[in-house]
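1. Any chance you could fold what I've pasted below:
(one chain, ligands or ions: 1)
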Amino acid sequence: MLYGELVKVYEALESTSGRLEMTDILAKFFQMADCESLRKIVYLTQGQLYPDFYPQKLGLADKLLLKTIASTSGTNEKNVHELWLKEGDPGTVSERIFEEKRQTTLFSETLTLNRVYEALQRITEAEGSGSQHQKMRLLSDVLHDATPREAKYIARIVTGKMRLGVADMTVIDALSQAFATKEDRDVVERAFNVSSDLGKVGERLCRNGIEGIKEMKVEIGNPIRAMLAERLPSPFEILERMGGRAAFEYKYDGVRVQAHIEGKEITLFSRRLEDLTSQFPDVVKALRSAFRSKSGILEGECVPVDINTGEMLPFQEVSHRRGRKHDLTSAIEEYPVRIFLFDCLHLDGEDLTNKPLLERRRALESCVQTTDEVRTSEMRIVDKIEDADAFFQEALRDGCEGLMAKSVADDSVYRAGSRGFLWIKYKKEYKSEMTDTVDLVVVGAFAGRGRRKGVYGALLMATYNGEEDTFETVCKLGSGFDDQTLASLPSKLEVSRLSEKHPKVHSKLEADFWFEPSMVIEVLGAEITISPIHTCAYSRIRKDAGLAIRFPRFTGRFRDDKGPREATTTAELETMYKNQLKKVDG
Ligand code: ATP
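-> Predicted coordinates:
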């Protein structure tokens, strides 16, 4: 397949922001592609070379790209740089420069998809001394044979700035449309949720049709997308929703970890499917001695503890440790973590994700020998509100955030990758006015004034609307930042800077700076109010008005473990708003 064919699809995708239209464009193209290419197309369209959980090294420094563009096109570096300052997008710079040089440059060979893919692989794999030079040479090679339009997308993907805005769900829709019927969409989605690999799902669908997908099972080494919980404000509502009886567990406040165990080999994945193994060697060691079967996939929450008192510490203590590579040994001594296991998704070759909760729990208890460091979550089956309340108090007393209620019905399977009422979280904050935090996405910023001159005065924050796949503004955030954080924000956000509002962002406010939705930060507000200037849940509660967070404060926590589409959703904020009102009314 020619790379140019894919570029035509990218251009069509860029000229629309409608999800249905995007799905249509992709589906038609998927049908045309051969199965091997399809896998690569799926990854490339999402700005990747591999599935999410595979360490991706795309993200060549802009400087290197600009240098390569200059040398390949024979343009003065200064001119390229100036254009870059003006445009801010490596793709546009690349396209313009090669367009200008078109008359003098002859393309020697038509680019195939495979050639571009392999070149990108080699560029990302080049390491060690002389690697910069090698990367530039490899890139120059493909750019030389690229048309200006092709060069645009090569420049974007190699710098990690693809920005087509194609969400996983859109690819799933398109794959279903191309190779199956509408009714089979759930099967395709489940295959993705248990494998986290859309390319693999696409290739199998193409080769073996929907039957091939139905057979896709959980595999050790392929992280399963996390099952998520809904929220409700009281044990009464939880029990009512769960049919009068539920398993309540302590809700630990730490880092969620999925452990894939094969003999002595253990890999730990985060909620965002990153490999955390090297950050938690102590957890790996502890699991190795606690696990009594041959192979399995277990899920739990890692929580730091005070070694002197045995008390559970706030999450912030763990975040010191995340990313700290050189000094890990002392970090382990300072912040040892315990893992509280709460699920077993695979055991000795058997996929347990379709088994009910209590059966999975029995499997979990049968395969671990609890130790000081490895425990199972505190759990109690409850059918009375008073018992749930008492257990809630115990959880708070023991330093937990609250409770997680889980359905004990026969259909209480592990719903990978989805949020539903089989699990319901109940945190203490729900008892008062918005003291619960939300995780919001930075979509824009406003220039600072007075003391904040030269830095951002406030950030424009949004919730994620999962139905529409859009980001809706909910507040301007200016408090809670210390000087150091404030000073570091412009450079932190520079990578996602855009020259205009991202097509997926809905905003009535004109920000001074716009960003691609990517950074997620934790915010605590005093109240949720109705506001005509924000677009969150617009016209859903009151006509011509949205929801806004009043007096928002940054808690100090960057949610690097969450992607923009995992931020607090519009629907969640709407529920929080309604719950809050209920309380005010008594
Ligand atoms: P979410 O994970 O629902 O998107 P979040 O990351 O903000 O939201 P919370 O709303 O605080 O987290 O609660 C959900 C998280 O609680 C789970 O993702 C998991 O990491 C953690 N957790 C702690 N204890 C348990 C438990 N016993 N069972 C399941 N999850 C638990």
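
2. so how far is the ligand from the residue nearest to residue 88 when sequence neighbours are not counted?
-> The shortest distance from residue 88 to any non-neighbouring residue, by Cβ to Cβ, 6 or more residues apart in numbering, is to residue 499 (5.2 Å). All C-beta spots, glycine's among them, are computed from the backbone N, C-alpha and C. Residue 499 sits 32 Å away from the ligand, going by Cβ to the nearest ligand atom, to the nearest Å.

3. so who does residue 499 touch?
-> By Cβ atoms under 8 Å, 6 or more residues apart in numbering, residue 499 lies in contact with 87, 88, 89, 514.

4. Whichever residue of the stretch 201-350 of the chain sits closest to the ligand: how many residues sit nearby?
-> Per Cβ to the nearest ligand atom, residue 256 is where the stretch 201-350 of the chain lies closest to the ligand, at 3.2 Å. Using other Cβ atoms under 10 Å, residue 256 is surrounded by 18 other residues.

5. before we move on, what about residue 244?
-> 10.

6. That one and residue 383 touch, don't they?
-> Yes: between residue 244 and residue 383 there is a contact at 5.7 Å, judged by Cβ atoms under 8 Å.

7. so residue 557, which of the three states?
-> strand (DSSP: H, G, I helix; E, B strand; the rest coil).

8. sorry, back to before: show me what the residue of the stretch 201-350 of the chain closest to the ligand bridges to in the sheet.
-> residue 301 (DSSP bridges).

9. Next one, pLDDT for it please.
-> Residue 256 is assigned a pLDDT of 96 by the prediction.

10. just how off-centre is stretch 260-269 within its chain?
-> 22 Å (Cα atoms, centre = their mean, to the nearest Å).

11. now do stretch 60-70
-> With Cα atoms, centre = their mean, you get 28 Å for stretch 60-70.

12. Going by neighbour count, which residues in it are buried?
-> 60, 62, 64, 65, 66, 67, 68, 69, 70 (16 or more other Cβ atoms under 10 Å).

13. then it to CSV, C-alphas only?
-> Below are the C-alpha coordinates for stretch 60-70, written out as CSV (Å, rounded to 0.1, in the frame of the first residue of the first chain):
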residue,chain,number,x,y,z
LEU,A,60,11.9,13.4,18.1
ALA,A,61,13.0,16.8,19.3
ASP,A,62,11.6,19.6,17.1
LYS,A,63,15.1,21.0,16.7
LEU,A,64,16.3,17.8,15.1
LEU,A,65,13.3,17.7,12.7
LEU,A,66,13.8,21.3,11.6
LYS,A,67,17.5,20.7,11.0
THR,A,68,16.6,17.6,8.9
ILE,A,69,14.0,19.5,6.9
ALA,A,70,16.6,22.3,6.3
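
14. The longest helix seen in the chain - what's its average pLDDT?
-> Ranked by number of residues, the top helix in the chain under DSSP state H is helix 198-214. Averaged across helix 198-214, pLDDT comes to 95.

15. try stretch 493-512
-> pLDDT averaged over stretch 493-512 gives 95.

16. That one: end-to-end distance?
-> Terminal residues of stretch 493-512 are spaced 13 Å apart (Cα to Cα, to the nearest Å).

17. Stretch 517-525 now?
-> Its start and end residues considered, stretch 517-525 measures 21 Å (Cα to Cα).

18. How about that stretch, which residues are buried there?
-> For stretch 517-525, by 16+ other Cβ under 10 Å, it's 517, 519, 520, 521, 522, 523, 524, 525.

19. Residue 344: what secondary structure?
-> The three-state assignment at residue 344 reads strand, by three-state DSSP.

20. Next, the contact list for it, please.
-> Residue 344 makes contact with 296, 297, 298, 299, 352, 360, 361, 363, 364, 367 under the criterion Cβ under 8 Å, 6+ apart.

21. I figured residue 232 hits residue 238, correct?
-> Yes: at 5.1 Å, residue 232 and residue 238 qualify as touching, with contact defined as Cβ under 8 Å.

22. so what sits against both of these two?
-> 424, 426.

23. Count residues in the vicinity of the residue of the stretch 51-200 of the chain found nearest the ligand, would you?
-> The ligand sits closest to residue 193 of the stretch 51-200 of the chain, with a gap of 14.8 Å, by Cβ to the nearest ligand atom. Residue 193 has 22 neighbours, counted by other Cβ under 10 Å.

24. With the one 4 residues further on instead?
-> Using other Cβ under 10 Å, the number of residues around residue 197 comes to 25.

25. any idea how far it lies from residue 479?
-> Counting by Cβ to Cβ, to the nearest Å, the gap from residue 197 to residue 479 is 41 Å.

26. now do residue 272
-> Residue 272 is 27 Å from residue 479, by Cβ to Cβ.

27. neighbour-wise, which of the two wins?
-> The neighbour comparison of residue 272 against residue 479 (other Cβ under 10 Å) goes to residue 272, with 18 against 11.

28. Which positions in this protein make contact with the ligand?
-> 228-229, 249-252, 256, 301, 342, 377, 404, 425, 439 (Cβ under 6 Å from any ligand atom).

29. List just the nearest of those residues to residue 151.
-> Proximity of the residues of the chain next to the ligand to residue 151 was ranked by Cβ to Cβ; the top entry is residue 439 with 37.0 Å.

30. For that closest one, pull up the helix or strand it's in.
-> Per DSSP states H and E: residue 439 is located in strand 437-447.

31. Direction included, what does that strand pair up with?
-> Going by DSSP bridges, the partners of strand 437-447 are strand 456-465 (antiparallel), strand 513-515 (antiparallel), strand 520-524 (antiparallel).

32. CA-only coordinates of that strand in CSV, if you can.
-> Listed next in CSV are the C-alpha coordinates belonging to strand 437-447 (Å, rounded to 0.1, in the frame of the first residue of the first chain):
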residue,chain,number,x,y,z
THR,A,437,-11.8,16.5,43.8
VAL,A,438,-12.3,16.3,40.0
ASP,A,439,-9.7,15.6,37.4
LEU,A,440,-9.9,18.2,34.6
VAL,A,441,-8.2,18.7,31.3
VAL,A,442,-6.2,21.8,30.5
VAL,A,443,-7.5,23.1,27.1
GLY,A,444,-6.4,26.8,27.2
ALA,A,445,-4.7,29.5,29.2
PHE,A,446,-4.9,33.2,29.9
ALA,A,447,-2.0,35.5,30.0
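
33. Tell me which residues of that strand come out buried.
-> Of the residues in strand 437-447, those buried (16+ other Cβ under 10 Å) are 437, 438, 439, 440, 441, 442, 443, 444, 445, 446.

34. Need the pLDDT of the last one.
-> At residue 446, the model reports a pLDDT of 92.

35. What's the first helix or strand after the helix or strand hosting residue 156?
-> Residue 156 is part of helix 148-158 when elements are defined by DSSP H and E. Remark: after helix 148-158, the chain's next helix or strand is helix 168-179, criterion DSSP H and E.

36. same for that following helix, what does it pack against?
-> Under the contact criterion of 3 or more Cβ pairs under 8 Å, 6 or more residues apart in numbering; DSSP states H and E, helix 168-179 touches helix 19-32, helix 35-45, helix 185-195, helix 198-214.

37. let's go with 6 Å and repeat that
-> helix 19-32, helix 185-195, helix 198-214 (3 or more Cβ pairs under 6 Å, 6 or more residues apart in numbering; DSSP states H and E).

38. circling back to that earlier point, out of the contacts of residue 344, list just those in helices.
-> Per DSSP H, the contacts of residue 344 map to helices at 360, 361, 363, 364, 367.

39. Can you add pLDDT and neighbour count and give those residues back as JSON lines?
-> Output for these, formatted as JSON lines (pLDDT from 0 to 100; neighbours: other Cβ atoms under 10 Å):
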{"residue": "360", "pLDDT": "98", "neighbour count": "24"}
{"residue": "361", "pLDDT": "98", "neighbour count": "22"}
{"residue": "363", "pLDDT": "98", "neighbour count": "22"}
{"residue": "364", "pLDDT": "98", "neighbour count": "22"}
{"residue": "367", "pLDDT": "97", "neighbour count": "20"}
